[in-house]
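Participant: Sequence and computational prediction follow.
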Amino acid sequence: MTATESLPALEAVRRELEIDEQAPGGHPQVRAVLTLTTNLDLAPAQLWPLLTRPEELEAWYGTVRGELHEGGRFTAPHGASGTVLEVEEPHRLSLLWEQIGEEDPLQIRLDPEDDGTTLLRLRHTVLVPRERFDRGGPGEVALGWELALLALVAHTDGWRHGCLAEAPVPTREWMRGEEGRRYLRAWSVRWAAEAVAAGVDEGVARRVEAEALRSRLASPQEA
């Protein structure tokens, strides 16, 4: 199976990338908006605690410490931290996500669908210098959220009606194995395609794809 072939749970996520080039003060920057959307077989009220209670987050995402209410500060895995900006229970969570010296808006929406599922939409906006974007772009961020979403789905069995196979749990061991590497490659290919569709030069998009994949394979981390 090649990286572009379908994997059991790969098509359950819709991906979108918006690119806007800016030059404040003569310094070229790229504003990238990454959106991941999927339907889960749970109601918003069932999903909400999994996203806002530290003891629930621990079970699938990792250790989150702090106050997850409006104005509260928190720390998250992989050196991340942030501030809760707005809460609309059980439908919307707006955060300021801080990692590697950057502060980025992050929003998670949970909207009920007519078929009884919940439409989960994760939207992360990053602003990076043009030079850094050309080296690595948002690919590493995108793969991180792909892994987190897969971990949530595996924990909740949230794709049991939409996918033919059970979602794998993205542990370090899984990412080092054949299936995990296939997922990482396939995700990288799809985000590179989204970058090209958003107007990024194909050579840059492929370089970003390769760098994001290299980084994840070199130091696999659980979601």
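Facilitator: Ah, there it is.
Participant: C-alpha from now on. contacts and neighbour counts both.
Facilitator: OK.
Participant: And the residue positioned nearest the centre of the chain, how far from residue 82?
Facilitator: Centroid-nearest residue in the chain, with C-alpha atoms, centre = their mean: residue 145, separated by 1.8 Å. Per C-alpha to C-alpha, to the nearest Å, residue 145 is found 16 Å from residue 82.
Participant: Residue 127 now?
Facilitator: 16 Å.
Participant: What are the boundaries of the strands in this protein?
Facilitator: Under the criterion DSSP state E, the chain carries strands at the ranges 13-22, 29-40, 65-66, 73-75, 81-88, 92-99, 102-112, 118-129.
Participant: Quick one: closest of those strands to residue 190.
Facilitator: With distances scored as C-alpha to C-alpha, the stretch of these nearest to residue 190 is strand 13-22 (8.1 Å).
Participant: which stretches of the chain aren't confidently modelled?
Facilitator: Judged against pLDDT under 70, the low-scoring parts of the chain cover residues 1-6, 8, 164-165, 219-223.
Participant: Alpha carbons of the helix of greatest length in it, as PDB, please.
Facilitator: The longest helix of the chain (DSSP state H) is helix 178-197. Extracted in PDB, the C-alpha atoms of helix 178-197 (Å, rounded to 0.1, in the frame of the first residue of the first chain):
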ATOM      1  CA  GLU A 178       4.300   0.000   9.700                       C
ATOM      2  CA  GLU A 179       0.700   1.100  10.100                       C
ATOM      3  CA  GLY A 180       1.600   4.300  12.000                       C
ATOM      4  CA  ARG A 181       4.200   5.200   9.400                       C
ATOM      5  CA  ARG A 182       1.700   4.700   6.600                       C
ATOM      6  CA  TYR A 183      -0.800   7.000   8.400                       C
ATOM      7  CA  LEU A 184       1.900   9.700   8.900                       C
ATOM      8  CA  ARG A 185       2.900   9.600   5.300                       C
ATOM      9  CA  ALA A 186      -0.700   9.700   4.100                       C
ATOM     10  CA  TRP A 187      -1.500  12.600   6.300                       C
ATOM     11  CA  SER A 188       1.600  14.400   5.100                       C
ATOM     12  CA  VAL A 189       0.600  13.900   1.400                       C
ATOM     13  CA  ARG A 190      -2.900  15.200   2.000                       C
ATOM     14  CA  TRP A 191      -1.700  18.300   3.800                       C
ATOM     15  CA  ALA A 192       0.800  19.000   1.000                       C
ATOM     16  CA  ALA A 193      -2.100  18.700  -1.500                       C
ATOM     17  CA  GLU A 194      -4.100  21.200   0.600                       C
ATOM     18  CA  ALA A 195      -1.100  23.600   0.500                       C
ATOM     19  CA  VAL A 196      -0.900  23.400  -3.300                       C
ATOM     20  CA  ALA A 197      -4.600  24.000  -3.500                       C
END
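Participant: That helix to strand 13-22, inter-axis angle?
Facilitator: Angle of helix 178-197 versus strand 13-22, following axes from the mean of the first three to the mean of the last three C-alpha atoms, to 10 degrees, is 40 degrees.
Participant: for helix 178-197, packing partners?
Facilitator: With contacts defined as 3 or more C-alpha pairs under 8 Å, 6 or more residues apart in numbering; DSSP states H and E, helix 178-197 has these neighbours: strand 13-22, helix 139-156, helix 172-176, helix 202-218.
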